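Q: Coordinates only, no sequence provided:
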Ligand code: NAP
C-alpha cells in the first residue's frame, strides 16, 4: 500500500530550535511557510528562505498538510493549537516538537481529533547543535500510520527517530530523558567543583576523565566551558526547570517520587531566582562551588557591586 506522505509543512515557533528545523525542512523542499508570535522573526525567515508570502493565516494554514510546532511550554502550545484549529484542513497533521506534559499531548490530540486532524507528539533531544545539524533524536507518540506519513519530515530534522507508542508516549520518553540529563548535570557539576576544591588542574581532569568510564556528552561538551565560567551556550536552565516540573507531575500521576528530580528542581529554582535562568544548565556548578565552600550564592545582579 502506498503511503500518502506529508510534504507541505508550516513551522510554528521560530525560537532557538524552530529556526534551524525550518531551515532543514526547507532544504528538503518540505517547507511552505513559517509563523511566529513575534512576527518580525517570521518575516525575516520568509525572506531568508525565499518562501511565498501568504495573504493571511487562513491562506497559510489552508495550504499546509502539516503544522510543526516548537514553542516554550504547555500553555503556549494550548493557546496556539486552539487558535489554529479552525484554520486547519481535515486530514492534516499537527506534529509537536515542544517539550510539554504527556497529559497536554493527550488533551490536544483529543481536541484536534474532534476536528478531523491528527496529532503526533514528537519531542526532541540533541540541543541547538543537533537542530542545526539535523541530527536530533526524536521520540514520537501517536498513530503509527500518521507517523509513517511524517517520515520524510522527521528525517529532515533528525537522525534517530523512534516511534514510542500511543499519543503522550513521546513526551513520557522525553521526561525520562530529562531525568537523565538532570542527573548527569548533578554528577558532573558536583565532581568538577570537587576537582577545583582539590586544587587539581581541572582542564586536565576533564580531558582524562572524558576518555574513561565516567566520560559522557555533558562532560565533553560543557566541561571545559563551565570551568571557565562560560554559561552562555547550550540549554537554558529555565527550560530544564520547566521540564523537571513535567517529570515531577508525571511521577505524581503514578504516586511516585525521585529525590534526584526534587533536588534538581530546588537547585535550578535557586539559580533561576538568583537571575541565572538564561544560562546553560552547567551553571549548576555555581551552586556546587557554594556547597563545597560553605558560601551563599551571589545573585547575578550583585556580581559587579
Ligand atoms: P526559545 O528559543 O525560547 O523559543 C520559544 C518559541 O516559543 C519562540 O518562537 C516564542 O515566540 C514561542 N512562544 C513562547 N510563548 C509563546 C506564546 N504564548 N504564544 C506563541 N508563541 C510563543 O525556545 P527553544 O529553545 O526553541 O525551545 C522550544 C521548545 O523545544 C521548548 O519546549 C524546549 O523545552 C524544547 N527543547 C529545547 C532544546 C534546547 O536546547 N533549546 C532542546 C530540546 C527541546 P517569540 O519569538 O514571539 O518569543
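A: On my side now, so go ahead. Just so it is clear, the structure is predicted and the values come from calculations on it, not from any experiment. Numbers count the residues shown, from 1 in each chain.
Q: Quick check: next helix or strand after the helix or strand that contains residue 140?
A: Here residue 140, judged by DSSP states H and E, is contained in strand 136-141. As assigned by DSSP H and E, the chain's next helix or strand after strand 136-141 is helix 144-149.
Q: who are the neighbours of that following helix, in terms of helices and strands?
A: In terms of contacts (3 or more CB pairs under 8 Å, 6 or more residues apart in numbering; DSSP states H and E), helix 144-149 is packed against strand 118-121. Heads up, the C-betas are built off the backbone N, CA and C, glycines and all.
Q: in the helix or strand harbouring residue 32, what counts as buried?
A: Using DSSP H and E, residue 32 maps to strand 31-35. Judged by neighbour count (16 or more other CB atoms under 10 Å), strand 31-35 contains these buried residues: 31-35.
Q: what is the mean pLDDT for the next helix or strand after that strand?
A: Next in sequence after strand 31-35, counting helices and strands by DSSP H and E, comes helix 39-49. The average pLDDT for helix 39-49 rounds to 97.
Q: Go through helix 39-49 and flag the buried ones.
A: Quick answer for helix 39-49 (16+ other CB under 10 Å): 41-42, 45-46.
Q: tell me which residues of the next helix or strand after that helix are tucked away?
A: Per DSSP H and E, the first helix or strand lying C-terminal to helix 39-49 is helix 57-62. For helix 57-62, the neighbour count (16+ other CB under 10 Å) marks 60-61 as buried.
Q: Helix 57-62 packs against which elements?
A: Judged by 3+ CB pairs under 8 Å, 6+ apart, helix 57-62 is in contact with strand 31-35.
Q: go with 7 Å
A: Contact partners of helix 57-62 among helices and strands, from 3 or more CB pairs under 7 Å, 6 or more residues apart in numbering; DSSP states H and E: none.
Q: And for that helix, what's in contact with it?
A: Applying CB atoms under 7 Å, 6 or more residues apart in numbering, the contact partners of helix 57-62 are 10, 33, 35, 54, 67, 84, 87-89.
Q: how about those residues in JSON lines, adding distance to the ligand and pLDDT?
A: Shown next, in JSON lines, are those (distance: CB to the nearest ligand atom, whole Å; pLDDT from 0 to 100):
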{"residue": "10", "distance to the ligand": "13", "pLDDT": "98"}
{"residue": "33", "distance to the ligand": "15", "pLDDT": "98"}
{"residue": "35", "distance to the ligand": "9", "pLDDT": "98"}
{"residue": "54", "distance to the ligand": "18", "pLDDT": "95"}
{"residue": "67", "distance to the ligand": "13", "pLDDT": "98"}
{"residue": "84", "distance to the ligand": "11", "pLDDT": "97"}
{"residue": "87", "distance to the ligand": "15", "pLDDT": "98"}
{"residue": "88", "distance to the ligand": "16", "pLDDT": "98"}
{"residue": "89", "distance to the ligand": "21", "pLDDT": "95"}
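Q: Could you identify the most distant pair in those?
A: Across these, the longest distance by CB to CB is 15.6 Å; it joins 35 and 89.
Q: And the spatially closest residue to residue 216 that is not a sequence neighbour, how close does it get to the ligand?
A: Take residue 216 and drop its neighbours on the chain: the residue closest to it by CB to CB, 6 or more residues apart in numbering is residue 184, 5.8 Å away. As judged by CB to the nearest ligand atom, to the nearest Å, residue 184 and the ligand stand 15 Å apart.
Q: Would you agree residue 184 is in contact with residue 215?
A: No. Using CB atoms under 7 Å, residue 184 makes no contact with residue 215, being 11.2 Å away.
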